[in-house]
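*Asks:* need a structure here:
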Amino acid sequence: MNRLWIFLVTALCLAGCADETNNIKQPTQTPIPQDPDPAPEPFKPLSCDELVCPYGCCDAQCVDLRSDPTHCGRCDTVCSGFCLNGTCVTECSGPSARICAGTCVDIASNNTHCGGCDNACGPHMECQGAQCACTPGYSDCDGNAYNGCESFTPFCQCTNGETTTCYPGPAGTENVGICRQGIMTCEDGMFSYCENFVEPVTEIPMNGLDDDCDGITDEQLDEDNDGYVFGYGPGFDCCDGPSNCKAVDPSKINPGAIEDPANGLDDDCDGIIDEDDNKLCSTQAHKFAANTALTPDDATLLAQAMDICATATESSGSGLISAELRLADGSQLPVSGNKAICGNTTLISPAEQVAVATDLGGIVRARKGTMAVLASGKAMGKENTGYKDCAGTEVLAPQRFLNAHNGVLPVSDACYDPQKPPTHKRANDSVMLRLKLRAPSNAKGFKFRFKFFSKEYPKYVCNNYNDFFLAMTDAQSDQIPADGNISFDMNKNPVSVNNAFFTECNRSACTASKGCSDCNDGAANVLAYVTDDRQAGATDWLQTSVPVSPNEVFTLDLIIFDAGDYSGTSANQNGWGHQRDSLVLIDDFEWATEATQLITIVN
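*Replies:* Just a heads-up that it's a prediction; the model follows:
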């Protein structure tokens, strides 16, 4: 009875305990959210650096530079005929030349058409003498040429786990410089892939290593023969040839090039692609003190005002090599004016004939930043109300120019009078800015803008006085005329008072009887130079374009002077040939990478 009671009590207790346990509220567990499947990576095509292309890569695609007529020898070199062994030809001819699949190939060396069309060599094989042969070091272990050469070892059979040295690099480079042998391991009875070998790469300057394994450390490489050593950093050629650059013409890309802002290349190797090279290097106006000797540094200020910012030497770089100020015949510019010649006119010094300006008379603004001002009188605007400024210098006009025009300064055809042929040959109150320049390695020309004013216009059109602005160069293009002058109107007339470009003038002062223009552009800008718009005329802004060759070193002479029948002598102290001055504004010099024709236009 007691045992039965104990059993019942224990059973009830266990049942109750179980209920209590089951009635305890368990904490709720929040399920951990599962990340959704990640979005697939967007497809990114491989670059030429990532692709394995034995015969060339262009635009991230493998091509055959030996036979592709759109990439013949170099990317984007297009042939009008066929491409044979990397050279454009008009006919597919030669002992081993054949047309296969529409292309001209050499069946003696073409892996796809070896010995005949569509006879392709297998892996690790190359076409030699119209026969497929194993590339150096590989063996055709199974005797089946269709599947190529299997093992990089002359021994086809080996013991699993066995190792041997290997080197698939060019002969003569093994264990030279950075180049090292690799290891092959036998698997399934054959040696296969060569691992951990080091092959030659293009020499990297200044890293203390023989990167190309030729036994010479840090040699200077100039594969494209453009005069610049390959490397990365200031002064180095970032694109030196097919081994490290896929540009169509690597010789046009180097620190001496000008940036082409639309070709997607770092033309000047400064680490920036397609930047705008039209930089400002002159923003402040500057007048030179009277009776001071003008120096090359002063001439350089004028070049910079024209936006010639970069400097160069005769053998490297591009831009300004030197600048100087002289008289029209190239002789030394004096410090002071010559009172004996000027007579009753206002004596000025040559230093007052040049200036750097942001504007002329508060009306005509520089095209960009500042502009250079050259004048046969004072280089200033309308605050100079007189027209009798005289420096008193008299020299012959540039000899090359005279020689091409029968020893005299020419007049336009419209003004030529056979009864009174021209006799002028002297340049009065002249000033010449001589610039020696080196063209960029990818330049095909240069351009500059100018605007000419003269107080001889319109009164002395086709008359005794005829001021000139000459732009002369010794550049070697066959487009340069015999007289060297590169700025002229459509009738080949140099820029003078008798020139078709004079379109800014007062119509009432310019009549047909004077042989001048119809003043289509009005006289508003003339007031930048004089206070009475009837006393002067001007051209519009003009642009001269000139062809040059890459890396060409040449001189550009910018010259202004008074000319006339009379000069100050001991018998005549009036200085008539020095009166009614002219002035030219010169700005916006730039190099051109496109084909350039010699022309001067309104722009």
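
*Asks:* C-alpha from now on. contacts and neighbour counts both.
*Replies:* Fine.

*Asks:* How about the contacts made by residue 176?
*Replies:* Residue 176 sits next to 210, 213, 214, 215 when contact means C-alpha atoms under 8 Å, 6 or more residues apart in numbering.

*Asks:* What does the pLDDT read for residue 72?
*Replies:* Looking at residue 72, its pLDDT stands at 89.

*Asks:* Let me know how buried it is, in neighbour terms.
*Replies:* By other C-alpha atoms under 10 Å, the residues close to residue 72 number 23.

*Asks:* Tell me how far residue 228 lies from residue 409.
*Replies:* 45 Å (C-alpha to C-alpha, to the nearest Å).

*Asks:* repeat for residue 463
*Replies:* Counting by C-alpha to C-alpha - residue 463 and residue 409 are separated by 13 Å.

*Asks:* higher neighbour count, the two?
*Replies:* More crowded of residue 463 and residue 409, by other C-alpha under 10 Å: residue 409, with 24 against 16.

*Asks:* you'd agree that one is up against residue 421?
*Replies:* No - the criterion here is C-alpha atoms under 8 Å, and residue 409 misses it with residue 421 at 10.4 Å.

*Asks:* Identify the residues contacting residue 213.
*Replies:* Shown in contact with residue 213 (C-alpha under 8 Å, 6+ apart): 173, 174, 176, 177, 178, 179, 200, 201.

*Asks:* Does it belong to a helix, a strand or coil?
*Replies:* coil (DSSP: H, G, I helix; E, B strand; the rest coil).

*Asks:* Just the pLDDT at it, thanks.
*Replies:* 92.

*Asks:* picking that back up, can you tell me which of the contacts of residue 176 lies closest to residue 157?
*Replies:* Comparing the contacts of residue 176 against residue 157 with C-alpha to C-alpha picks out residue 213 as the nearest, at 32.0 Å.

*Asks:* Please state the backbone phi and psi of that closest one?
*Replies:* Torsion angles at residue 213 (phi, psi; degrees, to the nearest 10) stand at phi 60, psi 40.

*Asks:* Can you give me the distance of it to residue 182?
*Replies:* 16 Å.

*Asks:* Low-confidence stretches in the stretch 101-250 of the chain?
*Replies:* 137, 142-143, 150-155, 205, 243 (pLDDT under 70).

*Asks:* low-confidence ranges in the stretch 251-400 of the chain?
*Replies:* 277-278, 383-387.

*Asks:* For it, which segments count as strands?
*Replies:* Assigned by DSSP state E, counting those that start in this stretch, the stretch 251-400 of the chain shows strands spanning 286-287, 319-326, 346-347, 354-357, 359-360, 364-365, 371-375, 389-390, 394-396.

*Asks:* How about the stretch 51-200 of the chain?
*Replies:* Under DSSP E, counting those that start in this stretch, the stretch 51-200 of the chain gives strands at 57-58, 61-62, 82-84, 87-89, 97-100, 103-106, 125-128, 131-134, 163-166, 182-187, 190-191.

*Asks:* Leaving out sequence neighbours, find the closest residue to residue 584.
*Replies:* residue 452 (4.4 Å; C-alpha to C-alpha, 6 or more residues apart in numbering).

*Asks:* ignore the last one, residue 272
*Replies:* residue 266 (5.8 Å).

*Asks:* ok, now which ones touch that neighbour?
*Replies:* 253, 259, 272, 273, 274.

*Asks:* got the CA coordinates for stretch 413-420 in CSV?
*Replies:* Taking Å, rounded to 0.1, in the frame of the first residue of the first chain, the C-alpha atoms of stretch 413-420 are listed here in CSV:
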residue,chain,number,x,y,z
ASP,A,413,48.7,95.6,-108.3
ALA,A,414,45.8,98.0,-107.8
CYS,A,415,48.3,100.8,-107.0
TYR,A,416,51.1,100.0,-109.5
ASP,A,417,51.8,102.8,-111.9
PRO,A,418,54.4,102.0,-114.6
GLN,A,419,55.1,105.7,-114.9
LYS,A,420,56.1,105.8,-111.2
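
*Asks:* Outside of that stretch itself, list whatever touches it.
*Replies:* Contacts of stretch 413-420 (C-alpha under 8 Å, 6+ apart): 422, 462, 498.

*Asks:* and the last one, what does it touch?
*Replies:* The reference is to residue 498. Counting by C-alpha under 8 Å, 6+ apart, residue 498 has contacts 411, 412, 415, 461, 462, 466, 516.

*Asks:* Equivalent analysis for the first one, please.
*Replies:* For residue 422, the contact set (C-alpha under 8 Å, 6+ apart) comprises 408, 409, 410, 411, 416.

*Asks:* What's the ChimeraX line that selects buried ones from these?
*Replies:* A single ChimeraX command is used to select the members of these judged buried by 16 or more other C-alpha atoms under 10 Å:
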select :408,409,410,411
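
*Asks:* could you dump the contacts of residue 422 to a markdown table with pLDDT and distance to residue 589?
*Replies:* Shown next, in a markdown table, are the contacts of residue 422 (pLDDT from 0 to 100; distance: C-alpha to C-alpha, whole Å):
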| residue | pLDDT | distance to residue 589 |
| --- | --- | --- |
| 408 | 92 | 30 |
| 409 | 91 | 27 |
| 410 | 89 | 28 |
| 411 | 84 | 28 |
| 416 | 79 | 34 |
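
*Asks:* Give me the subset of the contacts of residue 422 that lies in strands.
*Replies:* Among the contacts of residue 422, no member is found in strands (DSSP state E).

*Asks:* Which members of the contacts of residue 422 are the farthest-apart pair?
*Replies:* Once C-alpha to C-alpha is applied, the contacts of residue 422 give 408 and 416 as the farthest pair, at 13.0 Å.

*Asks:* and the gap between the nearest residue to residue 589 once chain neighbours are set aside and residue 353?
*Replies:* Nearest residue to residue 589, sequence neighbours excluded (C-alpha to C-alpha, 6+ apart): residue 448, at 4.2 Å. The gap separating residue 448 from residue 353 is 20 Å, by C-alpha to C-alpha.
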